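S.K.: Test case, fold it:
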Amino acid sequence: GDIEWVREELHRWIFGNVWAKFDRIKKRPDKIPKMFTGYQCTPRVISQALARCGITPKNLAAKVPLWGPKEVHELVAHFLRIRFPILIALNKADGAGAEERAERVRRKFPNEPVEEMCAQYEWRIRKLVRASELEAHPRGSALPPNPNPTTNHTPKPNPNPNPNSNRLDAAFKRLKGTGVHKVINRAIALKAPLLVYPVANLDTCVSLNAPPPPPSPPVMRDCLVMKPGSTVEDVYLALKRQPLSLLEGDYVRAECRCVDWGQEMGNKSEGEGEGEGESKAIL
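M.R.: Down below sits the predicted model:
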């Protein structure tokens, strides 16, 4: 119910804004991308939504004036999928009937990603890791006991000393972990980060402030993980801050090579990287 309500409310809100001005858009079809700029997205997101509707820069002027409510609804639906993806995270995977519940949700929402998790088990593991009774594991799966070398303390091999241990252990085995890390990774994949490699030269890709040879200066030494939709100015400000401190002074201009689609950009307010689940590496 909540998932449907959120999606419908967003759709009605954006459709209403676009449809209210659509008579003017029909006279100036090139203005339709500007109807979506208020939702904190880059022009690339709008272009992707239009492309899914069969609209390209070449046929925009001919096709958009022929649109009615149906086509605008379709455009808004595609825009929402790209700009506001939804991941359904089902907690309490250790509960009775959890598998059946997950299957019902998947059947009801076949177009939405669905992941199960057990936050209680993850919380117990984090406590034991902090107490040095379990060894940290990046994927939250098999965590062997880790004795504290400074004491004679014997670690607890089972992170669930309670009557519900069997149920939690069964969920852990079924999910091959707690599921929490998988939920986080899946959510990040839906809005993949923008990978930025600051360099001093686009041809050689020598890193900023790299020491002179010998030895050979490092190439693409630093990588900034930026939010989707970040601008060149956002990157500039990040490079000025600690711990990098690679730049100082005021922003003047920047050149960029977008590895995935080969575009160049130097505008202070322009940004790229709003993808459909793929990271966009930018030099």
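S.K.: residues of stretch 102-119 that come out buried?
M.R.: Of the residues in stretch 102-119, Ala102, Pro113, Val114, Glu115, Glu116, Met117, Cys118, Ala119 count as buried by neighbour count, 16 or more other CB atoms under 10 Å. Quick note: C-beta positions are derived from backbone N, CA and C, even for glycine.
S.K.: show me the contacts for Met117.
M.R.: Ala89, Leu90, Asn91, Ala93, Leu175, Thr178, Gly179, Val180, Lys182, Val183 (CB atoms under 8 Å, 6 or more residues apart in numbering).
S.K.: Just the buried ones from those residues?
M.R.: Ala89, Leu90, Ala93, Leu175, Thr178, Gly179, Val180, Lys182, Val183.
S.K.: Tell me the gap between stretch 2-22 and the middle of its chain.
M.R.: Centre-to-centre, stretch 2-22 and its host chain are 22 Å apart (CA atoms, centre = their mean, to the nearest Å).
S.K.: so for it, what's the average pLDDT?
M.R.: Stretch 2-22 comes out with an average pLDDT of 92.
S.K.: Next: stretch 26-44.
M.R.: Stretch 26-44 comes out at a mean pLDDT of 87.
S.K.: now the end-to-end length of stretch 62-77.
M.R.: Start-to-end span of stretch 62-77 (CA to CA, to the nearest Å) is 22 Å.
S.K.: cool, and stretch 104-113?
M.R.: 13 Å.
S.K.: Centre-most residue in the protein?
M.R.: Nearest to the mean C-alpha position of the chain, by CA atoms, centre = their mean, lies Lys191 at 2.4 Å.
S.K.: now that residue: how far from Val180?
M.R.: 18 Å (CB to CB, to the nearest Å).
S.K.: Pro215: which of the buried ones among the contacts of Met117 is nearest?
M.R.: Using CB to CB, Lys182 is the member of the buried ones among the contacts of Met117 that lies nearest Pro215, at 40.8 Å.
S.K.: Would you confirm that the closest one belongs to a helix?
M.R.: Yes - remark: Lys182 belongs to a helix, assigned using DSSP: H, G, I helix; E, B strand; the rest coil.
S.K.: Before I go, just wanted to say thanks for your time.
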